[in-house]
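Novice: model this:
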Amino acid sequence: MTASVRHCTYCLLKEPDVCVRVQPPKQGGAHIYAHSNCAQSRGVRPLYRFTDEPAARAQ
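Specialist: Numbering: from 1, shown residues only. Down below sits the predicted model:
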């Protein structure tokens, strides 16, 4: 099993530490992630911060 890899929506590097947006269900309901520094530099307030590593998804 492999964990999903998150990328920052602003700089495209891995391991963002916050979620900055959740798309409406009609748009797929995706969570949009960022590094807290990237979001802060753009005036974007995080919705929540990660407290642990992503859980592995069952295949």
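Novice: and residue 12, helix, strand or coil?
Specialist: What DSSP: H, G, I helix; E, B strand; the rest coil gives for residue 12 is coil.
Novice: for the chain, what spans make up the strands?
Specialist: 18-22, 31-34, 48-49 (DSSP state E).
Novice: helices or strands up against the first one?
Specialist: Just to be clear, that refers to strand 18-22. Contact here means 3 or more C-beta pairs under 8 Å, 6 or more residues apart in numbering; DSSP states H and E; on that basis strand 18-22 packs against strand 31-34, helix 36-41, strand 48-49. No exception for glycine: its C-beta is placed from N, CA and C like everyone else's.
Novice: does the residue nearest the centre of the chain have beta-bridge partners, and which?
Specialist: The C-alpha lying nearest the average C-alpha coordinate of the chain belongs to residue 33 (C-alpha atoms, centre = their mean; 2.1 Å). Note on residue 33: beta-bridge partners by DSSP bridges are residue 19.
Novice: Comparing the helices and strands packed on strand 18-22, which stretch has the densest surroundings?
Specialist: Mean neighbours per residue, mean count of other C-beta atoms under 10 Å, is largest over the helices and strands packed on strand 18-22 for strand 31-34, with a mean of 19.
Novice: What mean pLDDT does it get?
Specialist: What strand 31-34 shows for mean pLDDT is 94.
Novice: between the strands of the chain, which gets nearest to residue 8?
Specialist: Closest approach to residue 8 among the strands of the chain (C-beta to C-beta): strand 31-34, 4.9 Å.
Novice: Run through who's touching the closest one.
Specialist: By C-beta atoms under 8 Å, 6 or more residues apart in numbering, the residues outside strand 31-34 that reach it are 6-10, 16, 18-23, 44, 46.
Novice: Export those to CSV and append columns for neighbour count.
Specialist: Formatted as CSV, these follow (neighbours: other C-beta atoms under 10 Å):
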residue, neighbour count
6, 17
7, 14
8, 21
9, 18
10, 18
16, 23
18, 21
19, 18
20, 22
21, 14
22, 13
23, 11
44, 17
46, 17
